[in-house]
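>>> Here's my sequence, what's the structure:
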Amino acid sequence: MKSDLIVFFLVSLLYSQNSIGSSIDEKRESIIYHSRLGEMQLRESTAQLESLYRETSDRKVRDDLITLLVRQNRNKDALSLCKECSINDYSVNELEYLAKAARNERQFPQSLTFYAQLHKVMPKNPNGLLGLALVNTDLSNFKPAKQYLAQYRKQFGEDKQYVEVNTYLLDNSEPLIVRLSRWQKELEKNPDNADVAKKIYRGAAQLNILPLRNKLIATYPNLFNENDRLWLLHDEAIRLSKGGTATKVQLEKAYSMLNEANNKAIEGSVLKKQILLDQLVIASKLNNDSYVDDSYSQLQALDTPLPNYAKEAYADYLLASGSPFSALNMYREVEYGYLTEKKKVPFTLGIKIVSAMSDAAKFSQAQDYLDNHMKEPPLYIMDFTRSKKVLNPAYNAYFFGRVNLLAWRGNISDAMQLMNERLDKTPGDPWSMLRKSELESAQGRSDDALKWADKANAFLGDDTVWADIRRANIALNVNDWKTASTILTSLTPEQKRPIKYLIEEYNHLKSGRFLASGGISHRTSPVGQPNESKQEYYLYSPKTDNGHDVYAHYLSTKSPDDGFDFEQRRIGVGVDFTFYPVVMTAEVGKGTKLNDKNYLSTNIKYRLNQHWSFSLYGNVNGSNTPVKAIYQDVYTKDMGFATTYTYSNRLQVGVDASAMKFDDENLRKNVSLWSNLDVFKYDRWSLDSSLFWSYQRNKETPSAYYYNPLKSQSAEGSLDLAYLQPFDHRIVLTHHLKGGVGRYWQENYASSQTWSIAYGQEWRLGKRLGISYDLGRKKSIYDGSPEFNNFINANLAIYFE
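Below is the predicted model:
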């Protein structure tokens, strides 16, 4: 009886378990059927399976749930469904889906584990080997990937799945150029394969093979859209403008192509922004103000940060256009970008930073950056064949930057010493010779500069144009217009591009101009006299290529005394003839107030060499005729001779001798000596000094109403302390503090001290406008009596470029 009860209990328990299992299977199968009815039903079924699995922990439920989760890309949920399960707990189906989920989540090691287990428990399942090949390809483990594929081919043959995985492997393991060749062969076999055509297009884009991309767009017009065509137009423009050898014509064409693409590109698109960035770079290379402003303003409207290369290009433009402070700020932003990414700052960027600091007159900072933030490159490097050493262009940039900085800081002697040492090491280096020529010019030694330019010419090979450019620069400095014009006008547009600064200076000096000057002097002791004043205006025509020009001249002075205004005016026209080394000036005109006579002025200048120059001048009723003499209807004729000796840019001395014949039989003789010395220049500061001595003798003329001492001498020494203050937009302000002391001797009177002090500012506002003014106080001596005057002077120069 007892044994029967036990048997009955076991049978009942087994029946109960079967009933429960059957119930779970029925629910599971019902849920799976429901999941096949649509997307919404799939989501509902997944939630039901998740609930059922939490209640039962049934393996079959888990198997189906993993399948549904992966089908909905809920890969993470599938992978974390059974955290306590070991690899051996999963079915073949679960292994396959979990391997796929892990690969989708780029958890490649875990995916490999699942695929390896799948292949182990069911070698006949092809997805085990295919998965192992795919994931190893993802990990760039190409050797085992090939081995698994070879095993698959041996076991299952070269079916469609094998071809697809093998293609994936080749597409990831072969060099792009090899892939491109293979894809082209595939497309030849199957011209309708759009996927392969797109692969070829993308590969050609990466390799910048523009003809192939053009051919594909022409062959498959429906496969590519307007955006693809605009990208192609963009890339063609970039190819045209790449490298340092692109001509101005090519750059202009590239910019035009980008402009066409820009007008058609969709607003806010990646293509639109890229076009604007590249337009900015090309516009900077062209140094075209309107192009740069247009591109930069459009980029600013996008309100997105510029990449480093675009910032650097814009900074290049700012520096070239005379805004060194803005350029420096942008260069430092680019430098900061490299430093924050722990990348090495490019050597070329360092040189640009030094140049911007120098142009901003931040000379000490430039020196510090050059010394402590840039490593000196080697003098020689191996050529491209690795068989011989050649001069390192980077070293040239570094070395010449150091030389230039010394010269700009006022230490030309040390700069010259560096150049001499360099030429001792590289005696046949023409670029060092040309730089030596520049330093000679900076010292006022134009003849020596020309010799070094001629010497460099013999070593320049096909680049002799650089010696010609140096000669043109020297010629311009010494007023040899014919030589300068002959050279500069013969250059091609491409030869002019790297010397834009010289072309601009040539056009600036050649342009028409208006010059105005004026001053007011107010006598404070003795009191009682109105202000003295002077106005003078010149209007010049543009110079011819030979340096000739014509001009109009107006002069007005007012010198009140003894109750009379003594105001005179005169107007005339003149001409400058340049026949280097001779320059001749002649001016004729007529007085229009007080002075009603015609006048004539001439001047002939002759430059013998870099040290000596001479001039011979003469006037009939010249502007130096005393106004009180004109009031007496007494006019003059005068002539003089002057010579100047220039030792260097720092020291000049000269002598001037003249004689003036008055209508009242007076004869005024004058001789003067003068010297100018640059005492020092250090960074923004400079101190110039001058000495002047003159002796004058007049014939005793009782009828003379004008000031006419029989004998007089004057001597004066003066200093000019200047401070340079540059700004952006080619604006430069120079402050001047001037002071002088002297002594005046006049026959029959005791000698007396004279002095003057003044503060002035000199503004250079771009290339076309210059303004200067100063105000001060001075003491003068007339017939032994002192005069004290406050004065203000102003000058204006406008160039019509």
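
>>> in the helix or strand in which A301 is found, what's buried?
Using DSSP states H and E, A301 sits in helix 289-302. Using 16 or more other Cβ atoms under 10 Å as the test for burial, helix 289-302 gives Y291, V292, D294, S295, Y296, Q298, L299. To be clear about C-beta, it is placed using only N, CA and C from the backbone, and glycine gets the same treatment.

>>> how about the nearest residue to the first one, chain neighbours excluded?
In other words, Y291. Leaving aside its sequence neighbours, Y291 sits nearest to A283 (Cβ to Cβ, 6 or more residues apart in numbering; 3.5 Å).

>>> Just the pLDDT at the residue most central in space within the chain, thanks.
With the centre of the chain defined as its mean C-alpha position, the nearest residue by Cα atoms, centre = their mean is D316, 1.2 Å away. If you check D316, the pLDDT there is 95.

>>> tally of neighbours for the residue nearest to Y291?
By the criterion of other Cβ atoms under 10 Å, A283 has 24 neighbours.

>>> So it is in contact with D316, correct?
No - using Cβ atoms under 8 Å, A283 makes no contact with D316, being 10.5 Å away.

>>> show me the contacts for the closest residue to L476 other than its chain neighbours.
Leaving aside its chain neighbours, L476 sits nearest to A484 (4.5 Å; criterion: Cβ to Cβ, 6+ apart). Residues near A484 by Cβ atoms under 8 Å, 6 or more residues apart in numbering: A472, N473, A475, L476, Y506.

>>> So the fourth one lies in a helix, does it not?
Put plainly, it is L476. Yes - L476 sits within a helix when classified using DSSP: H, G, I helix; E, B strand; the rest coil.

>>> Surely it is in contact with H508?
No - look at L476 against H508 with Cβ under 8 Å: they stay out of range, at 10.4 Å.

>>> Between the two, point out the one with more neighbours.
Neighbours were tallied for L476 and for H508 using other Cβ under 10 Å; the higher tally belongs to L476 (21 against 13).

>>> how about the nearest residue to D58, chain neighbours excluded?
I24 (5.4 Å).

>>> That should have said W481, apologies.
Closest to W481 by Cβ to Cβ, 6+ apart is G547, at 2.9 Å.

>>> ok, now which ones touch that neighbour?
N479, W481, K482, S485, D576, T578, Y580, V583.

>>> Keep only those of those that are in strands.
Among the contacts of G547, the members falling in strands (DSSP state E) are D576, T578, V583.

>>> Looking at those, which one is closest to P144?
Lowest distance from P144 to those (Cβ to Cβ) belongs to T578, with 83.5 Å.

>>> Quick check, the closest one in contact with N479.
Yes - shown here, T578 and N479 form a contact pair, counting by Cβ under 8 Å, at 6.4 Å.

>>> And these two? Which one has more around it.
Neighbour tally, T578 and N479, criterion other Cβ under 10 Å: the higher count belongs to T578, 20 against 16.

>>> Does that one have any beta-bridge partners, and if so which?
T578 has these beta-bridge partners by DSSP bridges: V583.

>>> ok so, going back, separation between the residue nearest to the centre of the chain and G350?
14 Å (Cβ to Cβ, to the nearest Å).

>>> Next: T557.
Taken as Cβ to Cβ, the span from T557 to G350 is 56 Å.

>>> what's around S23, how many residues?
Using other Cβ under 10 Å: S23 sits among 11 other residues.

>>> The host helix or strand of it: what's the following helix or strand?
According to DSSP H and E, S23 maps onto helix 2-35. Once the chain leaves helix 2-35, the next helix or strand it forms, by DSSP H and E, is helix 39-56.

>>> Can you name every helix or strand that that next one contacts?
In terms of contacts (3 or more Cβ pairs under 8 Å, 6 or more residues apart in numbering; DSSP states H and E), helix 39-56 is packed against helix 2-35, helix 59-71.

>>> Where among these is average confidence lowest?
Lowest mean pLDDT of these: helix 2-35, a mean of 59.

>>> outside of stretch 274-287, which residues touch it?
The contact list for stretch 274-287 (Cβ under 8 Å, 6+ apart) reads 234, 237-238, 241, 246, 248, 251-252, 254-255, 258-259, 261-262, 265, 291-292, 294-296, 298-299, 302, 306-307, 309-310, 313-314, 316-317, 320-321, 500.

>>> So which of these belong to helices?
Under the assignment DSSP state H, the contacts of stretch 274-287 contribute 234, 237-238, 241, 248, 251-252, 254-255, 258-259, 261-262, 291-292, 294-296, 298-299, 302, 309-310, 313-314, 316-317, 320, 500 to helices.

>>> related to what we said a few turns ago, which among the contacts of G547 end up buried?
Buried members of those, scored by 16+ other Cβ under 10 Å, are N479, W481, S485, D576, T578, Y580, V583.

>>> Against G128, how distant is the second one?
W481 sits at a distance of 88 Å from G128 (criterion: Cβ to Cβ).

>>> Neighbour-wise, which one of the contacts of A484 leads?
Of the contacts of A484, with other Cβ under 10 Å as the count, A472 tops at 25 neighbours.

>>> wait, what's in contact with that one?
Contacts of A472 (Cβ under 8 Å, 6+ apart): T483, A484, I487, L488, L502, Y506.

>>> quick one: secondary structure of it?
Quick answer, by three-state DSSP: A472 is helix.

>>> Below-threshold pLDDT in the stretch 101-250 of the chain: ranges please.
For the stretch 101-250 of the chain, the stretches flagged by pLDDT under 70 are 244.

>>> Tell me where it has strands.
Under the criterion DSSP state E, counting those that start in this stretch, the stretch 101-250 of the chain carries no strands.

>>> what do you get for the stretch 551-700 of the chain?
Using DSSP E, counting those that start in this stretch, strands in the stretch 551-700 of the chain cover 567-579, 582-593, 598-607, 612-620, 636-648, 651-662, 667-682, 685-697.

>>> The fifth one pairs with which strands, parallel or anti?
Read that as strand 636-648. Applying DSSP bridges, one finds strand 636-648 paired with strand 612-620 (antiparallel), strand 651-662 (antiparallel).

>>> No further questions, thank you.
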